[in-house]
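Participant: Got a sequence here, can you build the structure:
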Amino acid sequence: MTSAVGVVSVSSDRLFPPHSQREPRGIGGPIRFTCIDSHHGHDGFLAEEGQLASILRQSLA
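Facilitator: Below you'll find the predicted structure:
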């Protein structure tokens, strides 16, 4: 059984940079990659709640 996987990255994340998350290994299903534009680094997903909310709404629709 496979299912779609959503990967959300932050443009300024230096711990897990976007280029390293584009094609995660070991995922058997389709992958939807989205990058949040933020200057807050690794915690950008916390600071950019509007962008994250939009991504989650689209994923759950």
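Participant: any low-confidence regions in the chain?
Facilitator: Residues of the chain that meet the criterion pLDDT under 70 lie in 1.
Participant: residue nearest the centroid of it?
Facilitator: Most central in the chain under CA atoms, centre = their mean is Val8, positioned 0.4 Å from the mean C-alpha point.
Participant: residues touching it, list them.
Facilitator: The contact partners of Val8, by CB atoms under 8 Å, 6 or more residues apart in numbering, come to Thr34, Cys35, Ile36, Phe45, Leu52, Ile55. Using the backbone N, CA and C atoms, a C-beta is placed for each residue, glycine as well.
Participant: so how far is the first residue of stretch 8-23 from its last?
Facilitator: 12 Å (CA to CA, to the nearest Å).
Participant: Then stretch 45-53?
Facilitator: 10 Å.
Participant: on that earlier part again, next step: the contacts of Val8 restricted to helices.
Facilitator: The helices, defined by DSSP state H, take in Phe45, Leu52, Ile55 from the contacts of Val8.
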